[in-house]
Structures are given as C-alpha cells and as structure tokens.
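Undergrad: Give the three-dimensional model of this entry:
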Amino acid sequence: MTTNMKYKTKPLDCWQWGKELRLEAYQEFLKGHEEGKLMVLGCAATPYGMLAGLGDFVFLAGEPYGASVAADPPFSIPCMETYEAKGYSRDMCGYMRNFLGSMFLDKYYFTGGSFPKFDFAWSVRHCPAGHPKWHQIVSEYQDIPMNYIDDETMLAVDGDPEHRIDYVAGQYLDTIEWMEKVTGRTYDDEKGIEAMRTYFRNESLWGEICLLNGAIPAPLDIKSMFALMPISMLRRHEKIATDFLTTLRDEMKDRIANEIAAVATERYRMCMLTPPPWSFLKVFRYLETFGVVFVGTYVYLINSGEVKFLLDEGEAVPATVPEERPGWPEMKNREDLCRTIARWRAEHPFQSHLDIRKKEYIIIYNHWHGNAYLLLMNRGCVPMTTSMYDFQRDMQAHGIPVAMFEGNFADCRDIDETGVLDRLEAFLEGQGIQKLPSL
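TA: I've put the predicted structure just below:
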C-alpha cells in the first residue's frame, strides 16, 4: 500500500496531564467557597496573579468560558437564545452572549449544575467589545461589587509614557484598597508579588512554546494548542502551570530534534490572527487531509503568552520576565508591584497600535514559515474585525497569500460550514494544493 506519510508523528506525552489541569481550573468553582477561596470574575488579560495577596482565590475569565460553551452548540444555542430573550443585542461579543446566557439559565457548562456566584468582578478595560459592560450585567444580576482598570496606555503613543504608567499604577494601588474593603481581608504584598512573578514566567513560557512551532515539521497543531492554551490563560499564577508548561516546552524541543510532526503529511503551513470559530474546529482536521497544518494564531501568542518583537531585526524572541529586563527594579512592595504591572501592560504586544501590529503579523508569519494567512471576518467581535481588510491588503503587498471567510467565533448559527469549506478548497486549489489520496 502506498503511504502519504512524510514525517513521524505521535501524541504528546503530556497530553492527558494538560487535559486534567484544564478541567481542574473550571471544576474549582464547585468547591471554591467551601474551601474559603475568593471567587472572582474578570477577563483573560487581567493580571489576576495579584489577587493572591488576598489569599486563595479562583478566577473565572469570561472569554475561555464563553469559548468552551460556543464549542458545544446543543448547550450554546439555548444560552444565546436566553440572552436574546432578555432584550440584549445579537451583535454583541459572542463570548459575552454565551456567558450571560449560561448565567441566566443557571447552568454551569462543565458540570450542568448551578452557575457560580462570584464575590466580586475585577478586570482591566482591555477590550473595546465591552467587557466591563458585560461584567456590569453580572454584577447587577448577582448583586456583587465590581472594579475596573482603565489601562490602554500604549507606549507607541508619542510623548513621555511615565505619566500614563503613573496613572495606571495608581489605579492598581486604589484597587488593592478597594479589594480589602469589599472582602474584609488584608492584602499580603509578598504573596501578590510572588504570584505575579509566576504569572510573568508562565506567559513567557507559553510564548516560547508558540515560537517553537516555527520548526519544520511543526511539532504542535493549532487545535491541540487551543486545547492546552487555557492552562496558561487561566492558571498563569500557579507553580503547577510552570511545571506543565516547562514539560511541554521540553517535549516540543525533543519533537523538533527528532522531527516528530503534529501532521505527518505536512506540506502547507497556514497562520491565523484571531480565535477560531469554536463550533467548527473540525475544519482544521479536514484541512489536514490536504497536508495543511495550522501553526499558530497571533492572538494567543500574545493573549496567553508574551513574546518580544524586534521590529528592526524582523524577529520574534521569547520574552524576558520584567524583573530580569534592563532597568526594571525588583518588586519589593505593592507600589513596586503595581508600577511593574502597569509598565509591563503598557509595553506588552497586546497593546500594539495597528501600524506596529501589521509588522508583527509579518514577523510571526516569517518565523512560523507560513505559506498563507487565514483571516476570519468575525461577527462575534466587531473590534477584532476592524481593519481586517487593511491587514489583508498589507499582507498581500508583502506577497502573502490570504484566504478569508466570514463567520462568528462563538455563534454556530452565524457560520456556513459548507460555504467555508468550498472557499478554502478553492483557495488551496489556487495554491496548487489538492486533497491527498486516502491512506
């Protein structure tokens, strides 16, 4: 029998451990209050490690929960219909609609039991899709306090950045006092500092893991990356996440050294900018039958991890943790902690302006040895879709083939699966990529 296998392949040795750690993060909400832990709502980009200064806590980031719900249409559709029946608009954030619908139904996705009751909501402003307004609805519905940080202080803006960093650091200090007031707990500076050190380390590790996928063949496919990414997104402050991510990184290096591929028939490498349509992840497995491997997506390179883009050199390298960066002081107290977080957020790639982001897209594409970009015109996140055609033109001006489709990352009702597959097959045919013969 003729085989199409080109590279060796095998499952990740740490795969089962990763699945267990991911599920643990969500199951903690079943017993959080019983164990005396604070239960806090926020967004995934929040520097939530600093909550450790209040003691043990469980943090639920709304986006990965909304994505998990979206990936299961029989659960997701009733959630969104319940949300819409309350009079809220269908053109709002798709994650928000799944999350709020789950809350209104009083059904927690991972158990089928009651939706968790939070002690408070706290986050950074983060996203112009309206995350604070999302959490305000939760705050009013559950009658819990909320507090938000206004932190869009990109250093790419002209002028002295120090006053902007001072402004944000002051908000974090005020937030600590607010947390002490609403919880009745005393903030322990050292515990907050230590948890944020772990948080920074794990962000760097996940960024390094993503960069390792520039190897040929790619040691990890994007669907597996999506499955493991919540460990970095939800457990960045935990030492066990450091242990897992270190193990995963080392296994990636071993796979690279031994040319062990995620997709044995790899012959065409595609990159993304955004999250995928979560209800349609099978598209990645289907395209593997063409020898296509998706090597990464920009958003989770810098929204579960951190890398350093060297714009002049055209390179992306693993990020150094803040206290090891030249000129950054050691964190010794809450003032140091808050200023470090403010400066780190300001210099993080997530804060890049669009012109700089265009350069980053090209850099990571080259690093991943991409053959094409796949862009999603996402009905579920209007800000994410802003400038997408501009990005497309810029990529094409750099000679990068671009495929594009319309859909919704969190609403299965807004994606034409057959139409998307037809469009992608036509694109690949234009690139000279045909479906591989069956094994």
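Undergrad: ok, how many other residues are close to Ala426?
TA: The tally of other residues near Ala426 (other Cβ atoms under 10 Å) stands at 11. Bear in mind the C-beta positions are built from the backbone N, C-alpha and C, glycine included.
Undergrad: Got the confidence number for it?
TA: Ala426 is assigned 98 on the pLDDT scale.
Undergrad: start the count at 130, not 1, going forward
TA: In the new count, where the first residue is 130, that last one comes out as Ala555.
Undergrad: what's the longest helix in this structure?
TA: Secondary structure of the chain read by DSSP state H shows that its longest helix is helix 318-341.
Undergrad: In it, which residues are buried?
TA: The neighbour-count check on helix 318-341 (16 or more other Cβ atoms under 10 Å) flags 318, 320-341 as buried.
Undergrad: cool, stretch 472-482 as well?
TA: Judged by neighbour count (16+ other Cβ under 10 Å), stretch 472-482 contains these buried residues: 472-481.
Undergrad: just how off-centre is that stretch within its chain?
TA: On the basis of Cα atoms, centre = their mean, to the nearest Å, stretch 472-482 sits 15 Å off its chain's mean C-alpha point.
Undergrad: same question, stretch 514-527
TA: The chain centroid and the centroid of stretch 514-527 are separated by 22 Å under Cα atoms, centre = their mean.
Undergrad: Could you pull out the helices in the stretch 130-279 of the chain for me?
TA: Using DSSP state H, counting those that start in this stretch, the helices of the stretch 130-279 of the chain run over 144-156, 191-199, 202-214, 223-234, 260-271.
Undergrad: Tyr296 is nearest to which of those helices?
TA: Distance to Tyr296, taken as Cβ to Cβ, is lowest for helix 260-271 among these, at 17.2 Å.
Undergrad: before we move on, the earlier item: out of the buried residues of stretch 472-482, which comes closest to Val436?
TA: Closest approach between those and Val436, by Cβ to Cβ: Pro478, at 6.7 Å.
Undergrad: Which residue, neighbours along the chain excluded, lies closest to the closest one?
TA: Spatial nearest neighbour of Pro478, chain neighbours left out: Ile431 (4.3 Å); criterion: Cβ to Cβ, 6 or more residues apart in numbering.
Undergrad: wait, doesn't the one you found sit right on Gln480?
TA: No. Using Cβ atoms under 8 Å, Ile431 is not in contact with Gln480, being 9.4 Å away.
Undergrad: Can you read off the pLDDT for the spatially closest residue to Thr315 that is not a sequence neighbour?
TA: The shortest distance from Thr315 to any non-neighbouring residue, by Cβ to Cβ, 6+ apart, is to Glu309 (6.3 Å). Here the pLDDT value assigned to Glu309 is 98.
Undergrad: list the contacts for Ser252?
TA: By Cβ atoms under 8 Å, 6 or more residues apart in numbering, the contact list for Ser252 reads 170-172, 174-175, 260-261, 264, 277-278.
Undergrad: now Met168
TA: Neighbouring residues of Met168 by Cβ under 8 Å, 6+ apart: 158, 161-162, 186-187, 189, 245-248.
Undergrad: beta partners for it?
TA: On DSSP bridges, the residues paired with Met168 through beta bridges are Val187.
Undergrad: how about the buried residues of stretch 472-482 in CSV, adding distance to Glu269, secondary structure and pLDDT?
TA: CSV is the format used below for these (distance: Cβ to Cβ, whole Å; DSSP: H, G, I helix; E, B strand; the rest coil; pLDDT from 0 to 100):
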residue, distance to Glu269, secondary structure, pLDDT
Arg472, 33, helix, 92
Trp473, 32, helix, 93
Arg474, 27, helix, 90
Ala475, 31, helix, 87
Glu476, 35, helix, 88
His477, 31, coil, 90
Pro478, 34, helix, 90
Phe479, 28, helix, 84
Gln480, 30, helix, 82
Ser481, 34, coil, 84
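Undergrad: So of those, which two are at opposite extremes in space?
TA: Maximum pairwise distance in the buried residues of stretch 472-482, criterion Cβ to Cβ, is 15.5 Å, between Arg472 and Ser481.
Undergrad: The contacts of Met168: which two are farthest apart?
TA: Among those, the pair separated by the greatest distance (Cβ to Cβ) is Phe186 and Lys246, at 14.3 Å.
Undergrad: Just want to know which of the two has more residues nearby.
TA: Shown here are Phe186 and Lys246; by other Cβ under 10 Å, Phe186 has more neighbours (20 against 13).
Undergrad: Apart from its chain neighbours, what residue comes closest to that one?
TA: Closest residue to Phe186 apart from its sequence neighbours, by Cβ to Cβ, 6+ apart: Leu167 at 4.1 Å.
Undergrad: Same list (the helices of the stretch 130-279 of the chain) but as CSV, adding distance to Thr426, mean neighbour count and mean pLDDT.
TA: Output for the helices of the stretch 130-279 of the chain, formatted as CSV (distance: least, Cβ to Cβ, whole Å; neighbours: other Cβ atoms under 10 Å; pLDDT from 0 to 100):
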stretch, distance to Thr426, mean neighbour count, mean pLDDT
helix 144-156, 18, 16, 94
helix 191-199, 13, 25, 95
helix 202-214, 21, 17, 98
helix 223-234, 16, 25, 97
helix 260-271, 20, 18, 92
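Undergrad: In TSV, list the ones you listed along with distance to Met354.
TA: Shown next, in TSV, are these (distance: least, Cβ to Cβ, whole Å):
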stretch	distance to Met354
helix 144-156	11
helix 191-199	13
helix 202-214	22
helix 223-234	18
helix 260-271	23
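Undergrad: In three-state terms, how would Gly425 be classified?
TA: Judged by DSSP: H, G, I helix; E, B strand; the rest coil, the three-state class of Gly425 is strand.
Undergrad: Tell me, how many residues neighbour Ala448?
TA: If you count neighbours by other Cβ under 10 Å, Ala448 ends up with 26.
Undergrad: which residues sit in contact with it?
TA: For Ala448, the residues meeting the contact criterion (Cβ under 8 Å, 6+ apart) are 332-333, 336, 434-437.
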